[in-house]
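Enquirer: here is the input, now give the coordinates:
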Amino acid sequence: MPRRRKLWPDLPPSATSLHAEAPGLDEQGRVQSPCTGMCSVNSRGMCPGCGRMLAEIAAWTSLSPADQLVVCRLAQARRSAQSERSE
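Expert: Take a look at the predicted model:
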């Protein structure tokens, strides 16, 4: 089995914290996409709607549930940082 490329070489502790807010699961128990339907990508390659990076959006359906949870937590942290900067 080929090795997967790591999207996040250095995860911040908040991304793997068990105390971070967990994303929702759908009726089949899959991690729900954080997509908000406000799709665009800013100059940093991040969607301001969901907080995901372009590579994370493109890889979403091929990620394991554990990796999807990491993406959700990173996206949440990016959205929080973005809102703090805009205040």
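
Enquirer: helix, strand or coil for the residue most central in space within the chain?
Expert: Centroid-nearest residue in the chain, with C-alpha atoms, centre = their mean: Val71, separated by 2.7 Å. Under DSSP: H, G, I helix; E, B strand; the rest coil, Val71 falls in the helix class.

Enquirer: and it, how far is that from Ser86?
Expert: Computed as C-beta to C-beta, to the nearest Å, the Val71 to Ser86 distance reads 22 Å. C-beta here means a position set from N, CA and C on the backbone, and glycine is covered the same way.

Enquirer: quick one: the helices in the protein?
Expert: 13-16, 54-59, 65-86 (DSSP state H).

Enquirer: mind putting the ones you listed into JSON lines with mean pLDDT and distance to Met46?
Expert: Shown next, in JSON lines, are the helices of the chain (pLDDT from 0 to 100; distance: least, C-beta to C-beta, whole Å):
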{"stretch": "helix 13-16", "mean pLDDT": "51", "distance to Met46": "15"}
{"stretch": "helix 54-59", "mean pLDDT": "95", "distance to Met46": "8"}
{"stretch": "helix 65-86", "mean pLDDT": "88", "distance to Met46": "6"}
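
Enquirer: output those in CSV; the columns should cover distance to Cys47.
Expert: Below are those laid out as CSV (distance: least, C-beta to C-beta, whole Å):
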stretch, distance to Cys47
helix 13-16, 17
helix 54-59, 6
helix 65-86, 8
